[in-house]
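A.B. asks: Structure for the following, please:
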Amino acid sequence: MTFRILDARVPAERAEWTALHEAWPAREVYAHPAYVERFAGPADQPLAAVWQDAGGRVLYPFLSRAITAPHLAGAAAGARDLTSPYGYGGAFVTGAPDAEAFWAAHAAWAREHGAICEFVRFALFPDELLAYPGEKHEKLTNVVCDLRRDEATIWSDFDHKVRKNVNRARREGVTIEIDPSGAHLDDFLRIYTATMDRRDARRGFYFPHEFFAAIARDLPGQYVFVHARHAGAIISTELALVSAHNVYSFLGGTDAAAFDLRPNDLLKLELIHWAKRAGRTRFVLGGGYTPDDGIFKYKRAFAPDGLVPYFVGTRVLDQARYAALVAAHEAHARTIDPAWTRDAGFFPAYRAELPTSAAPAP
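C.D. replies: Here you go, the predicted model:
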């Protein structure tokens, strides 16, 4: 049995991690060092726990984050926490390795590392993952289109409004372009940023140009851009991430002036066709921001029967230090707003958003 921690910012370890990923039949994009590194801040570490025994192998990508908030400095001295990058993660498994032994080794490393807790965004398909020893919580439902069906069946399963919108886009002369190299990254970023503005998105969804340029540079064959054009101009665009079996709708948007052309429905259809013809078995559309919101309903229209529960995992590794951090965070928040209460479901609780000012008196 072997257990190792690899750091994507250490060249020799990154090369080892990359080689393990390339040899893995599933080649999940969310476990690639270049992907994990995209979400690591300057004080964070993009890491993977690697385990090998007679039964199989584990590849567990995660971020080790410094706890840098000034009001937590006393309680957080030397402490870190662990989290999955944005998307889908967990301990990916090949074969049938010893889960208990892996998690024991990982917990021992975490204690030495100063990690006090762990948050995991799990991949959607349990057969890809090692059983988790912490708590699992069901969150938003995701939508998955099964590509093992023929194209006619996939089309007939779309909601009527999707088929209607696709036909309208075609009548209006909308065409679809597959862009496997990011040749039109500036157009993508222009439309994506405007879409985030229109949706009043959280700051964390405003990724800079270098974020997308790095994906195009460092993840060859594991992404594809798809663009809808009208009268020569790109009016809708999407970045999809590509694994050996799954294709994931990742980030994108549509020019508000082109809504009446219904370009995104046609874009999704052609992306599904591209994924199927590329030999993939599932197209993951994802979920919404809140339960049953408009974004979720839009995605569900492409696969009404393809609803898959999405889970996150939480594990406290050092109860005393975790409690001290939560107490310090809550005390500081109440100096700003004495009536403040945190979201009980937010984890880790000491990273819950602070109030910006006291709530007005009733």
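A.B. asks: For the chain, give me the ranges with low pLDDT.
C.D. replies: Along the chain, the parts satisfying pLDDT under 70 run over 358-362.
A.B. asks: remind me, longest helix of it?
C.D. replies: helix 319-336 (DSSP state H).
A.B. asks: could you say what helices and strands that helix packs with?
C.D. replies: Using 3 or more Cβ pairs under 8 Å, 6 or more residues apart in numbering; DSSP states H and E, the elements in contact with helix 319-336 are helix 73-76, strand 115-121. Glycine gets a C-beta too; all of them are placed from N, C-alpha and C.
A.B. asks: from the chain's centre, how far out does that helix sit?
C.D. replies: 28 Å (Cα atoms, centre = their mean, to the nearest Å).
A.B. asks: List of residues touching it?
C.D. replies: 67, 69, 71-72, 74-76, 79, 116-117, 316, 340, 342, 348-352, 354-358 (Cβ atoms under 8 Å, 6 or more residues apart in numbering).
A.B. asks: For PyMOL, write the selection for the buried entries among those.
C.D. replies: Only the buried entries of the contacts of helix 319-336 go into this PyMOL selection, using 16 or more other Cβ atoms under 10 Å:
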select buried, resi 67+72+75+76+79+116+117+316+340+342+348+349+350+351+352+355
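A.B. asks: Just the ones of the contacts of helix 319-336 in helices?
C.D. replies: Within those, residues falling in helices by DSSP H are 74-76.
A.B. asks: element containing Ile215?
C.D. replies: helix 209-218 (DSSP states H and E).
A.B. asks: residues in contact with that helix?
C.D. replies: With Cβ under 8 Å, 6+ apart, helix 209-218 has contacts from 34-35, 38, 181-182, 185, 188-189, 223, 239.
A.B. asks: Where helices are concerned, which of these count?
C.D. replies: 34-35, 185, 188-189.
A.B. asks: In JSON lines: the residues you listed, plus neighbour count.
C.D. replies: Putting these into JSON lines (neighbours: other Cβ atoms under 10 Å) gives the following:
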{"residue": "Ala34", "neighbour count": "20"}
{"residue": "Tyr35", "neighbour count": "26"}
{"residue": "Leu185", "neighbour count": "19"}
{"residue": "Phe188", "neighbour count": "25"}
{"residue": "Leu189", "neighbour count": "18"}
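A.B. asks: So which of those residues is the closest to Glu177?
C.D. replies: Closest approach to Glu177 among the ones in helices among the contacts of helix 209-218 (Cβ to Cβ): Phe188, at 11.5 Å.
A.B. asks: contacting residues around that closest one?
C.D. replies: 182, 212, 225, 227, 234, 237, 239, 252.
A.B. asks: so which two of those are the farthest from each other?
C.D. replies: Phe212 and Ile234 (14.5 Å).
A.B. asks: contacting residues for the residue sitting nearest the centre point of the chain?
C.D. replies: With distances taken as Cα atoms, centre = their mean, Gly87 lies nearest the centre of the chain, 1.0 Å away. Contact partners of Gly87, counting by Cβ under 8 Å, 6+ apart, are 30, 35, 121, 241, 248, 250.
A.B. asks: give me the element the residue nearest to Asp265 when sequence neighbours are not counted is part of.
C.D. replies: In space, and not counting its chain neighbours, Asp265 is closest to Asn165: 3.8 Å by Cβ to Cβ, 6 or more residues apart in numbering. Per DSSP H and E: Asn165 is located in helix 160-171.
A.B. asks: re earlier: if we only consider the contacts of Phe188, which is nearest to Val10?
C.D. replies: Nearest member of the contacts of Phe188 to Val10, counting by Cβ to Cβ, is Phe212, at 24.7 Å.
A.B. asks: quick revisit: can you tell me which of the contacts of Phe188 is nearest Ile5?
C.D. replies: Ranked by distance to Ile5 (Cβ to Cβ), these are led by Phe212 at 28.4 Å.
A.B. asks: For Met196, see how far away the closest one is.
C.D. replies: 13 Å (Cβ to Cβ, to the nearest Å).
A.B. asks: Which of these two has more residues huddled nearby?
C.D. replies: Higher neighbour count among Phe212 and Met196: Phe212, with 21 against 17, using other Cβ atoms under 10 Å.
A.B. asks: Tell me the backbone dihedrals of Ile178, please.
C.D. replies: When read as degrees, to the nearest 10, the backbone of Ile178 gives phi -90, psi 130.
A.B. asks: ranges for the strands of this protein?
C.D. replies: In the chain, the segments counted as strands under DSSP state E are 2-7, 45-53, 56-66, 80-83, 92-95, 115-121, 135-146, 175-179, 223-230, 233-242, 246-254, 282-286, 307-316.
A.B. asks: Check which helices and strands the fifth one is in contact with.
C.D. replies: Contact here means 3+ Cβ pairs under 8 Å, 6+ apart; on that basis strand 92-95 packs against strand 56-66.
A.B. asks: Noted, bye for now.
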